[in-house]
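Trainee: fold the stuff below for me.
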Amino acid sequence: MPMRKQNGVILAAAFFVAAGVLAGCQNTAGKGPGPAGPPEVAVAEMKPERVAIQTELPGRVSAYLVAEVRPQVSGIIQQRLFREGADVKAGDVLYQIDPATYQAAYDSAKAALARAEANITSIRFRAERYKELVEIKAVSRQEYDDATAALKQAEAEIAAGKAAVEAARINLGYTRVTAPIGGRIGKSSVTVGALVTANQPMSLATIQQIDPVYVDVTQSSAVLLQLQRAMASGALRRDSANRARVRLLLEDGTPYPLEGTLQFQDVTVDPTTGSFIVRAIFPNPKRVLLPGMFVRAVLEEGVNEQAILVPQQGVSRDPKGNPLALIVDAEGKVQQRVLTVVRTIKDKWLVSDGLAPGDRVIVEGVQKVRPGMTVRTVPYGEAKAQDGKAAAPAAAKPR
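Mentor: Modelled structure (predicted):
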């Protein structure tokens with residue numbers, strides 16, 4: 001009997017423990033999870049900033065002056081007197097054409113002129129004597145007229161001889177092909193011994209002046225009107241000659257150290273594409289800019305002292321393409337605003353309408369909120385810093 005009594009006590013105790021555990025589980029299951037709090041979003045407070053307004057235009061470098069060297073007389077090339085790719089000055093001799101025939105023509109023209117000048121002396125004396133004799137009727141009027149006509153013919157022959165000498169001299173000078181402009185000369189298309197002809201279509205070489213250089217940039221005609229209004233209002237930075245200043249970014253993104261000036265008189269709008277070409281002039285003393293190089297011209301339109309900039313991830317678009325932003329009001333509720341954006345400045349939108357200083361724009365967490373909802377806000381910069389700190393230990397944690 002004692003053993004049976006002990007077993008009964010043990011069974012009774014186990015029953016009461018199981019009943020207690022079951023009751024606890026039922027109470028826990030009945031309570032359920034607590035109510036969720038408002039969603040957390042990261043907001044950026046709008047503050048007026050001082051921003052330099054710039055416009056970037058793609059373009060190409062072109063030479064300031066280009067001259068194609070062609071022969072003006074025919075002949076055989078005797079010498080090439082320049083090094084390809086070198087700098088030449090205006091008037092430097094580039095090629096020497098065989099001058100033998102042109103020297104002979106020049107000498108012949110000079111001899112013909114000397115003969116005409118020698119003949120005119122006796123003809124002039126005869127005409128002067130006949131003038132005196134015709135007055136006393138010692139010679140006939142016909143003889144005097146013949147002497148006068150002979151004098152005029154001799155004078156005309158002298159004038160023609162002088163013109164022939166000058167033409168022969170010019171042709172002889174053309175055998176020395178000179179540089180019409182100063183600049184850098186390219187490769188030669190002919191060699192010594194080649195036959196060239198006067199005014200041939202193929203040039204002997206090309207000279208390009210690349211200090212300064214032109215930068216031709218292309219943009220739509222709407223931007224042209226905007227730039228013209230900026231120049232008329234004085235918003236564009238100008239130099240002492242009232243020309244707009246422009247900077248340059250090279251093909252690899254490196255800023256060009258020297259500033260240029262913008263010119264609008266060379267603008268031509270293409271009716272098929274609606275684009276136009278604006279020409280800027282840049283100094284190029286170190287020959288960094290070469291014809292054909294791709295660059296980006298940066299126009300400084302002015303400074304906005306009260307610019308409102310919104311991070312791009314805080315701006316969305318409706319089905320019609322209108323820019324929208326969600327803000328958090330003073331009561332912590334979400335509101336939707338329709339914005340007017342002007343342009344992008346780095347990773348932000350420049351907003352001209354729709355936001356005011358002090359507005360809190362939702363930058364992170366936009367997908368989990370709707371207008372009218374109550375939210376909990378954290379500053380955008382602090383949210384990024386906290387995410388970075390949380391990610392650092394996780395990255396360092398060993399596997």
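Trainee: ramachandran coordinates for the nearest residue to residue 78 once chain neighbours are set aside?
Mentor: If the residues on either side of it in the chain are set aside, residue 78 comes closest to residue 96, at 4.7 Å by C-beta to C-beta, 6 or more residues apart in numbering. Any C-beta I mention is one placed from the backbone N, CA and C, and that applies to glycine too. Torsion angles at residue 96 (phi, psi; degrees, to the nearest 10) stand at phi -120, psi 120.
Trainee: how about the helices in the stretch 101-250 of the chain?
Mentor: Secondary structure of the stretch 101-250 of the chain by DSSP state H, counting those that start in this stretch: the helices cover 141-174, 221-233.
Trainee: what of the stretch 251-399 of the chain?
Mentor: For the stretch 251-399 of the chain, helices defined by DSSP H, counting those that start in this stretch occupy the ranges 380-396.
Trainee: let me see the domain layout of this protein.
Mentor: Domain assignment for the chain by automatic domain parsing gives 44-48+306-392, 53-63+210-304, 71-97+175-202, 99-174.
Trainee: the ones you listed into TSV, with extra columns for mean neighbour count and distance to residue 38?
Mentor: Formatted as TSV, those follow (neighbours: other C-beta atoms under 10 Å; distance: least, C-beta to C-beta, whole Å):
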stretch	mean neighbour count	distance to residue 38
domain 44-48+306-392	15	5
domain 53-63+210-304	16	36
domain 71-97+175-202	15	70
domain 99-174	15	90
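Trainee: and residue 138, how far from residue 144?
Mentor: Separation of residue 138 from residue 144 (C-beta to C-beta, to the nearest Å): 10 Å.
Trainee: ok so, going back, in a markdown table: the domains of the chain, plus distance to residue 37 and mean pLDDT.
Mentor: Converted to a markdown table, those look like this (distance: least, C-beta to C-beta, whole Å; pLDDT from 0 to 100):
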| stretch | distance to residue 37 | mean pLDDT |
| --- | --- | --- |
| domain 44-48+306-392 | 7 | 86 |
| domain 53-63+210-304 | 40 | 81 |
| domain 71-97+175-202 | 72 | 95 |
| domain 99-174 | 94 | 91 |
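Trainee: mind putting the helices of the stretch 101-250 of the chain in a markdown table, distance to residue 269 included?
Mentor: Rendered in a markdown table, the data for the helices of the stretch 101-250 of the chain read as follows (distance: least, C-beta to C-beta, whole Å):
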| stretch | distance to residue 269 |
| --- | --- |
| helix 141-174 | 42 |
| helix 221-233 | 5 |
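Trainee: tell me who's in contact with residue 336.
Mentor: Shown in contact with residue 336 (C-beta atoms under 8 Å, 6 or more residues apart in numbering): 324, 325, 326, 327, 371.
Trainee: beta-bridge partners for the third one, please?
Mentor: Right, residue 326. In this entry, residue 326 is beta-bridged to residue 336, by DSSP bridges.
Trainee: pretty sure it sits against residue 368.
Mentor: No. Using C-beta atoms under 8 Å, residue 326 is not in contact with residue 368; the gap is 11.0 Å.
Trainee: please tell me how far residue 138 sits from residue 377.
Mentor: 129 Å.
Trainee: next helix or strand past the longest strand belonging to the chain?
Mentor: Taking DSSP state E as the criterion, the chain has its longest strand at strand 49-69. Next along the chain after strand 49-69, taking DSSP states H and E as the criterion, comes strand 75-80.
Trainee: after that following strand, next one along is what?
Mentor: In N-to-C order, the element after strand 75-80 by DSSP H and E is strand 87-88.
Trainee: centre of the chain to that next one, how far?
Mentor: 26 Å (C-alpha atoms, centre = their mean, to the nearest Å).
Trainee: and stretch 172-191, by the same measure?
Mentor: Its chain's average C-alpha position is 31 Å from that of stretch 172-191, according to C-alpha atoms, centre = their mean.
Trainee: ok, now stretch 64-80?
Mentor: When distances are taken as C-alpha atoms, centre = their mean, stretch 64-80 is centred 32 Å away from the chain's centroid.
Trainee: now swap in stretch 38-47 and tell me
Mentor: Put simply, stretch 38-47 sits 40 Å off its chain's centre (C-alpha atoms, centre = their mean).
Trainee: which residues sit against that stretch?
Mentor: Residues outside stretch 38-47 that contact it (C-beta under 8 Å, 6+ apart): 308, 310-311, 314, 327-328, 332, 355-366, 368-369, 373-380, 383-384.
Trainee: span of it from start to end?
Mentor: End-to-end span of stretch 38-47 (C-alpha to C-alpha, to the nearest Å): 26 Å.
Trainee: cool, and stretch 196-213?
Mentor: Note: stretch 196-213 ends 32 Å apart using C-alpha to C-alpha.
Trainee: equivalent analysis for stretch 284-299, please.
Mentor: Taking C-alpha to C-alpha as the measure, stretch 284-299 stretches 19 Å from start to finish.
Trainee: what lies in contact with it?
Mentor: Outside stretch 284-299, the residues that touch it by C-beta under 8 Å, 6+ apart are 54-63, 184, 208, 210-213, 215, 217, 227, 236, 244, 246-251, 256, 258, 260, 262, 278, 280, 282.
Trainee: what's the distance between residue 110 and residue 73?
Mentor: With distances taken as C-beta to C-beta, residue 110 is found 18 Å from residue 73.
Trainee: actually residue 47, sorry about that
Mentor: 75 Å.
Trainee: before we move on, what about residue 134?
Mentor: Using C-beta to C-beta, one obtains 50 Å as the distance from residue 134 to residue 73.
Trainee: same question for residue 199.
Mentor: Residue 199 is 9 Å from residue 73, by C-beta to C-beta.
Trainee: also residue 115?
Mentor: 26 Å.
Trainee: same check, this time on residue 226
Mentor: The gap separating residue 226 from residue 73 is 53 Å, by C-beta to C-beta.
Trainee: and if you look at residue 281?
Mentor: 36 Å.
Trainee: and residue 138, by the same measure?
Mentor: Following C-beta to C-beta, the distance that separates residue 138 from residue 73 is 54 Å.
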